[in-house]
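just need the structure, nothing else, for what follows:
(one chain, ligands or ions: 1)
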Amino acid sequence: MRLAVTSPGTPEIFEALQGEGASMGRPSVFLRTSQCNLHCVWCDTPYTWNFKGTEFVHRDGTKFDRTRETVDMDVPDVAARLMAATPRRLVLTGGEPLLQQRELGALCAALKAADPAWHVEIETNGTIAPTGEAEPLIDQFNVSPKLAHSGNAAALALKPDLLAWYAGDARATFKFVISAPEDIAEVDEIVAQSAIPATRVYLMPEGTDSATLRARAAWLEPLCLAHGYNFSDRLHIHLHGDTRGT
Ligand code: SF4
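Prediction:
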């Protein structure tokens with residue numbers, strides 16, 4: 001598996017409270033994969049994809065050294081590290097974890113064979129269908145479709161048929177990153193197009209510091225109430241700031 005790192009050679013595996021979405025506040029162990037098929041201008045983990053020599057654009061303007069920022073590990077080694085953690089809730093995050101779903105399937109199978117208590121949730125941008133061994137072993141899909149302000153072309157970032165498939169699966173919830181009140185119209189359009197139940201939609205302010213999150217939460221709260229959507233904070237930002245391994 002190709003993983004992101006907290007420092008060169010050290011995989012980004014860490015215990016923390018889930019900071020976002022339907023499971024916010026739950027004790028979890030996180031595994032961050034490297035690489036993403038999208039390239040959001042405000043991505044808070046550009047070290048998983050914005051490597052030197054690529055043409056991708058990020059608002060920070062920083063390019064990362066691919067060799068320093070990634071580590072390759074065998075699935076049994078990853079499973080052993082996760083088993084050593086206390087929580088039995090695994091959050092697969094990235095980057096885009098479903099780019100490596102064959103390995104994720106083997107990982108989930110190994111964990112659940114060792115301890116059936118494992119609950120696996122995955123953070124995905126909703127552009128890749130889960131298949132094979134991974135699909136039935138994932139307990140929760142945290143789908144985060146990317147709006148126009150992400151800087152991705154809509155044809156790449158939004159797959160209405162796939163979002164409709166996720167909407168038909170009770171394991172999926174949907175988290176939209178919101179930068180401005182006008183973004184809600186785009187959310188409404190996607191929700192209607194893919195028949196996503198409003199009760200499974202979370203609106204989350206974009207921001208990598210507490211002051212920005214609080215300021216945006218102030219105008220996002222009445223919009224959630226008016227549209228019947230849930231609100232998601234970014235708990236880890238309030239607790240630890242924008243730092244790796246949290
Ligand atoms: S889809 Fe997620 S990981 Fe990929 S660039 Fe966008 S915010 Fe970053």
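
please report how far the residue positioned nearest the centre of the chain lies from Trp42.
Compute the mean C-alpha point of the chain, and by Cα atoms, centre = their mean the closest residue is Glu123, 3.3 Å away. Per Cβ to Cβ, to the nearest Å, Glu123 is found 16 Å from Trp42. Heads up, the C-betas are built off the backbone N, CA and C, glycines and all.

please, where are all the helices along the protein?
66-69, 75-83, 101-114, 134-137, 154-157, 160-167, 183-193, 210-227, 235-240 (DSSP state H).

not counting sequence-adjacent ones, nearest residue to Lys184?
Careful, residue 184 is Ile; it's not Lys. What sits nearest to Ile184 in space, not counting adjacent residues and going by Cβ to Cβ, 6 or more residues apart in numbering, is Leu223, at 5.4 Å.

count the neighbours of the closest residue to Phe56 other than its chain neighbours for me.
Closest residue in space to Phe56, ignoring its immediate chain neighbours: His39 at 4.3 Å, by Cβ to Cβ, 6+ apart. Neighbour count of His39, defined by other Cβ atoms under 10 Å: 20.

show me what contacts His39?
49-50, 56-58, 151-152 (Cβ atoms under 8 Å, 6 or more residues apart in numbering).

buried subset of these, written for PyMOL?
Those of these that count as buried under 16 or more other Cβ atoms under 10 Å are selected in PyMOL with:
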select buried, resi 49+50+56+58+151+152
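
near the ligand too, which of the contacts of His39?
When contact is defined as Cβ under 6 Å from any ligand atom, these meet the ligand at Trp49.

next, format the contacts of His39 as a markdown table and append distance to Ala79.
Formatted as a markdown table, the contacts of His39 follow (distance: Cβ to Cβ, whole Å):
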| residue | distance to Ala79 |
| --- | --- |
| Trp49 | 25 |
| Asn50 | 29 |
| Phe56 | 31 |
| Val57 | 36 |
| His58 | 32 |
| Gly151 | 35 |
| Asn152 | 33 |
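
and the contacts of His39 as a markdown table, adding distance to Leu17 and pLDDT?
Converted to a markdown table, the contacts of His39 look like this (distance: Cβ to Cβ, whole Å; pLDDT from 0 to 100):
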| residue | distance to Leu17 | pLDDT |
| --- | --- | --- |
| Trp49 | 25 | 98 |
| Asn50 | 27 | 98 |
| Phe56 | 31 | 96 |
| Val57 | 32 | 95 |
| His58 | 27 | 97 |
| Gly151 | 29 | 97 |
| Asn152 | 29 | 97 |
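
wait, which of the contacts of His39 is closest to the ligand?
Closest to the ligand out of these is Trp49 (6.0 Å), distances taken as Cβ to the nearest ligand atom.

tally of neighbours for Ser179?
16.

returning to that earlier point: wait, which of the contacts of His39 is closest to Ala211?
Of all the contacts of His39, Ala211 sits closest to His58, with 21.5 Å by Cβ to Cβ.

quick check, that closest one in contact with Asn50.
Yes. Between His58 and Asn50 a contact is recorded at 5.0 Å, counting by Cβ atoms under 8 Å.
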